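**Student:** Next one to model:
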Amino acid sequence: MHCCTNKYDYIVVGCGGVGSSTLYRLAKNTPGNVGVLGIEQFQLGHHYGGSQDHSRIIRYSYSEKEYVALAKGAYDAWSEVEEDSGIQVVYKCGGLNVALKNTSAEERLKTYANAMDINGTEYESLEGIQLHQKFPSFAPKSNLVAQYQKDGGLVDSALANAVHIQLARKYGADVLEHTTVRKITRAPDGKLIVSTSNGDFCCKKIVVTAGAWLNDVLKSVGVHIPVTVTQEQVTYFGTPHMKEFCHKRFPHMIYHGEGKDIYTLPIYGNSGFKIGIDAGGPEVTPSTRNYTPDPVRVKYCEEFLKEFLPRSVGPILYTKTCLYTMTSDRHFVIDTASRTGFPDVIICCGAGHVFKFAAVVGKVLTDMALERTVPYNIKPFSLNRPAITDPNFKKSFIMGDESHLQAMSKL
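**Tutor:** Alright, predicted model coming up:
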């Protein structure tokens, strides 16, 4: 009989954005030191995955009502974190969605408007020169349409992760760094055994939030999630006009193009104006990725800024790489491994756009672990959907395009 001396009630595997949030919520919601453990294969705050950097976009503007509803919960959850810690992590600088007139991207903006209308989220529609009039740093162009949502902003991602970990420890959670999970098995008494590079740990429930390493952890419980891991990058430009583009004056932006989306964030955390191409990088694995920026994408972003936000351009401060781990329909996975006999293994895959939701997804995963009612519609994020079960499912990584919307509508 297996004897496990390291006993916990709940274990979280992966302590990035969602994992650190879940660790905090589990610890806070299980008083009496029932035992909560976070396991991280690298050091906390590492840059190997997709949860660090100075800033991430937070927004209500999504093309599906489920995400807009979840975004409302995210703002509330981040406020709770700020209240509990005394540290601000969210800054409402406003947010823009922009597209060229008479394109399929303009049609995508209409789906964003519809989803916000359904959830009662206010926004302002701008057309042509109105965008320049509201934000003079934009080049005056007559062929643009835009939506401005005043509550859009940024989350200080690296700080938020650290705050979540420190709050989790405040409520009694333990954290193990430099610890690799090798397999998950079941003990004769029904408990779960998590075998790691630092010994075995027993628990009642496991929450797996391991990003690009997700399938390495799940294979021992018979689950494989078809994901595409890509190497993404962001570039910071040292504009001489910093005052125009700081987070107190300038919004974040998502430019919806034909075949790709480009996003920018105002200056925060350093002196650079941030830009990146969403899901624009090559497919890699955690072992084959590198940290060398792609000069072609850097040049593309620079030319984009010269055309649309010319005063934001300056010397390149640096380019930073990260990983996206995306399902084929670009929707989350929030489910359990019940189909393979492990209903006590809870799984989350953020599909390359979860960070803004990390605070509320941590609450959702905690509700699932504690067997409480989840106050959001998470059925579309089930493992039992075509993007997960159909090996011939056509990949679609552009948020809000027709394939993305159809995938959600069928769930």
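
**Student:** What ranges in the stretch 101-250 of the chain fall below the confidence cut-off?
**Tutor:** Counting by pLDDT under 70, the stretch 101-250 of the chain shows no low-confidence range.

**Student:** contacting residues around Gly38?
**Tutor:** By CB atoms under 8 Å, 6 or more residues apart in numbering, the contact set of Gly38 is 11-12, 15, 19-20, 23, 165, 168, 173-176. For the C-beta atoms, the positions are set from N, CA and C on the backbone; glycine is no exception.

**Student:** redo that, cut-off 6 Å
**Tutor:** By CB atoms under 6 Å, 6 or more residues apart in numbering, Gly38 lies in contact with 12, 15, 23, 175.

**Student:** Tell me the most packed of those residues, by neighbour count.
**Tutor:** Greatest neighbour count in those, by other CB atoms under 10 Å, goes to Val12: 36 neighbours.

**Student:** just to revisit the earlier point, a markdown table for the contacts of Gly38, including distance to Arg297?
**Tutor:** A markdown table is the format used below for the contacts of Gly38 (distance: CB to CB, whole Å):
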| residue | distance to Arg297 |
| --- | --- |
| Val12 | 33 |
| Cys15 | 29 |
| Leu23 | 34 |
| Val175 | 35 |
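
**Student:** what's the closest of those residues to His247?
**Tutor:** Distance to His247 across these (CB to CB) is lowest for Cys15, with 26.6 Å.

**Student:** Thought Glu40 was touching that closest one, still the case?
**Tutor:** Yes. Counting by CB atoms under 6 Å, Cys15 does reach Glu40; the two are 4.1 Å apart.

**Student:** need the strands for the stretch 201-350 of the chain, in chain order.
**Tutor:** Counting by DSSP state E, counting those that start in this stretch, the segments of the stretch 201-350 of the chain that form strands are 205-208, 227-237, 252-256, 261-265, 273-278, 316-327, 333-337, 342-349.

**Student:** neighbours of Tyr148, just the number please.
**Tutor:** 21.

**Student:** what does whatever helix or strand it lives in contact?
**Tutor:** In this assignment (DSSP states H and E), Tyr148 forms part of strand 144-149. Contacts of strand 144-149 with the rest of the structure, by CB under 6 Å, 6+ apart, involve 60-61, 95-99, 101, 106, 123-127, 131.

**Student:** In helices, which of these appear?
**Tutor:** In helices, judged by DSSP state H, the following of these are found: 106, 131.

**Student:** Quick one: residues contacting Tyr324.
**Tutor:** Tyr324 touches 230, 232, 352, counting by CB under 6 Å, 6+ apart.

**Student:** Quick one: neighbours of the last one, just the number.
**Tutor:** The local packing of Gly352 (other CB under 10 Å) involves 25 other residues.

**Student:** picking that back up, show me the contacts of Gly38 that map onto strands.
**Tutor:** Judged by DSSP state E, the subset of those located in strands is 12, 175.

**Student:** which one of the contacts of Gly38 is nearest Asn29?
**Tutor:** Looking at the contacts of Gly38 and their distance to Asn29, the nearest is Leu23, at 11.2 Å (CB to CB).

**Student:** Assess the claim that the closest one and Ile11 are in contact.
**Tutor:** No. Assessed by CB under 6 Å, Leu23 is found out of contact with Ile11, at 9.4 Å.

**Student:** hmm, back to that, of all pairs in the contacts of strand 144-149, which one is the farthest apart?
**Tutor:** Of all pairs drawn from the contacts of strand 144-149, the widest gap by CB to CB lies between Tyr60 and Lys101 and measures 23.3 Å.

**Student:** who's more crowded, these two?
**Tutor:** With neighbours defined as other CB under 10 Å, Tyr60 and Lys101 compare such that Tyr60 has more, 25 against 13.

**Student:** Wait, that one touches Glu122, no?
**Tutor:** No. Using CB under 6 Å, Tyr60 is not in contact with Glu122; the gap is 9.1 Å.

**Student:** middle-most residue in the chain, spatially?
**Tutor:** In the chain, the residue lying closest to the centroid (CA atoms, centre = their mean) is Val354, at 2.2 Å.

**Student:** what's Ala173 in contact with, if anything?
**Tutor:** Residues in contact with Ala173 (CB under 6 Å, 6+ apart) are 23, 27, 36.

**Student:** Now name the helix or strand holding the second one.
**Tutor:** When elements are assigned from DSSP H and E, Ala27 belongs to helix 17-28.

**Student:** which other helices and strands contact that helix?
**Tutor:** strand 10-13, strand 36-39, helix 157-170, helix 358-369 (3 or more CB pairs under 6 Å, 6 or more residues apart in numbering; DSSP states H and E).

**Student:** Alpha carbons of it, as CSV, please.
**Tutor:** Extracted C-alpha coordinates of helix 17-28, given in CSV (Å, rounded to 0.1, in the frame of the first residue of the first chain):
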residue,chain,number,x,y,z
GLY,A,17,-1.5,33.9,-13.8
VAL,A,18,-4.4,31.5,-13.3
GLY,A,19,-2.6,29.1,-11.0
SER,A,20,-1.5,31.8,-8.5
SER,A,21,-5.1,33.1,-8.5
THR,A,22,-6.5,29.7,-7.8
LEU,A,23,-4.0,29.0,-5.1
TYR,A,24,-5.0,32.3,-3.4
ARG,A,25,-8.8,31.6,-3.7
LEU,A,26,-8.5,28.0,-2.5
ALA,A,27,-6.4,29.1,0.6
LYS,A,28,-8.8,31.9,1.4
